[in-house]
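*Asks:* coordinates for the following, if possible.
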Amino acid sequence: MRRYCPVETYTDNYVEFDERWTRGEIKQFGGTSAQTVELMRNKIVELNVRLVNGVLSAPDQITEESLDNMQWEVFQWFISLPTLVVREVLDLGEAVRRQSLLILEKSQDTDSSITPQLMPTSSTNSQVEPSMN
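*Replies:* Residues are numbered from 1 along each chain as shown. From the prediction side, this is the model:
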């Protein structure tokens, strides 16, 4: 998930985040400033962010001090990125949830009871046979 800076003179700046997020990482998000810096250091895969004096080119360079050395507009973009990325991750989860509900709704439309579809019983045998569908 690579994001480029929209600030006109900083369009070469980018941050790439890991696409895999655990529930624990999502829960950790939005804590203290130190927790946010630590989370960014762990979830950023690659970056190129120009500072007033220097460049951030590795996640371990993200510190409170390096953030203080960013141009204000770049800083505002940079600190908004975790929120945007987490929102995208949450939206992916919502899409999966909706797809699951759609599948469930379709199966309920074809049969009023989902139980026979999940565990059909053979008419000639009293044992439960798993469905292959």
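
*Asks:* show me where pLDDT drops low in this structure?
*Replies:* Applying pLDDT under 70 to the chain flags the ranges 29-31, 92-133.

*Asks:* quick one, strands of it?
*Replies:* Remark: strands assigned in the chain by DSSP state E are 2-4, 14-17, 44-51, 54-56.

*Asks:* what's the third one in contact with?
*Replies:* Under the contact criterion C-beta atoms under 8 Å, 6 or more residues apart in numbering, strand 44-51 has outside partners 2, 5, 10, 12-18, 55-59, 62, 66, 69-71, 74, 78. All C-beta atoms are positioned from the backbone trio N, CA, C, and that covers glycine.

*Asks:* quick one, which of the residues you listed are buried?
*Replies:* 5, 10, 13, 15-17, 56, 59, 62, 66, 70-71, 74, 78 (16 or more other C-beta atoms under 10 Å).

*Asks:* which pair in the residues you listed has the greatest spatial separation?
*Replies:* Phe17 and Gln71 (21.3 Å; C-beta to C-beta).
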